[in-house]
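K.L.:
give me the fold of what follows.
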Amino acid sequence: MPFTAFISDLHLTPQRAGITDTFFEFLHGPARQAQALYILGDLFEYWAGDDDLSDPLNARVAAGLRDLGKAGVPVYFMHGNRDFLLFGRFARATGVQLLEDSAIVDLYGVPTILLHGDTLCTDDARYQAYRRRVHNRWVQRLFMLQPLWLRRAWFERGRLKSERTKQDKPREIMDVTPSAVEQTFRESGCVRMIHGHTHRPACHVVVVDGTSRERWVLADWYHRGQYLRVGPEGCTRVDLA
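P.N.:
Numbers count the residues shown, from 1 in each chain. Next up is the predicted model:
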């Protein structure tokens, strides 16, 4: 049966070599059978800019995605909160097609809205303010004027600060806001939503205006790999060894 594969929140880094190996096994295995692969953000632990493509891990990932595309599987990429500085040079080097957050696709007759997921977490006002700042194109351009080593150091500090901040936040504030989910469904007209970001894989049934809709949350890859297989028969989670 035909299917499309979805992944997000891999957070690839040299410090987690096992997950990196799982990713490449996925690219050379199940992904080759898919009609398309969608990466919905946070492929890397952080992305300091497209001038970081020469980093050994980054270059290896870029080559793997390029090979998958050459094998006939189109790859689509949506920015996450860790890789918002990934732009055209990466797309040209890998052959991936960059998507806006959000994007609507027809998956085997089912209108589906795709998001990274952080825009749904509207109760976290501090994070939303941060997101608006770092997604501002002028801020990004000014940031990219800094040397690469300084940008890497900024991301490292930010990553550590984020981990400390999460410990002090209520769990519910880091999850999606139900009203934001309902509004997104209503505005998009879709009956299915797929997103990542929250690291809380599940399938939620949401009733909006009397219609039942599905919200599929992708798994993070901190402990094991997993992709969402979407076909004419519906959605199935597939664990990777």
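K.L.:
which residues of this protein fall in helices?
P.N.:
In the chain, the segments counted as helices under DSSP state H are 17-28, 30-33, 56-70, 88-94, 125-134, 137-144, 148-168, 178-188.
K.L.:
any chance of JSON lines for the ones you listed, columns distance to Asp106 and mean pLDDT?
P.N.:
(C-beta placed from N, C-alpha, C; glycine too.) JSON lines is the format used below for these (distance: least, Cβ to Cβ, whole Å; pLDDT from 0 to 100):
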{"stretch": "helix 17-28", "distance to Asp106": "25", "mean pLDDT": "96"}
{"stretch": "helix 30-33", "distance to Asp106": "20", "mean pLDDT": "98"}
{"stretch": "helix 56-70", "distance to Asp106": "21", "mean pLDDT": "97"}
{"stretch": "helix 88-94", "distance to Asp106": "23", "mean pLDDT": "96"}
{"stretch": "helix 125-134", "distance to Asp106": "28", "mean pLDDT": "92"}
{"stretch": "helix 137-144", "distance to Asp106": "30", "mean pLDDT": "94"}
{"stretch": "helix 148-168", "distance to Asp106": "35", "mean pLDDT": "81"}
{"stretch": "helix 178-188", "distance to Asp106": "12", "mean pLDDT": "97"}
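K.L.:
for Asp42, find the nearest of these.
P.N.:
Nearest of those to Asp42, taken as Cβ to Cβ: helix 148-168 at 11.5 Å.
K.L.:
and the closest one with helix 125-134, angle?
P.N.:
Interaxial angle of helix 148-168 relative to helix 125-134 (axes from the mean of the first three to the mean of the last three Cα atoms, to 10 degrees): 160 degrees.
K.L.:
distance to Cys235 and mean neighbour count added to the helices of the chain, as a markdown table?
P.N.:
Formatted as a markdown table, the helices of the chain follow (distance: least, Cβ to Cβ, whole Å; neighbours: other Cβ atoms under 10 Å):
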| stretch | distance to Cys235 | mean neighbour count |
| --- | --- | --- |
| helix 17-28 | 17 | 16 |
| helix 30-33 | 15 | 16 |
| helix 56-70 | 21 | 16 |
| helix 88-94 | 26 | 16 |
| helix 125-134 | 27 | 12 |
| helix 137-144 | 34 | 11 |
| helix 148-168 | 28 | 12 |
| helix 178-188 | 16 | 16 |
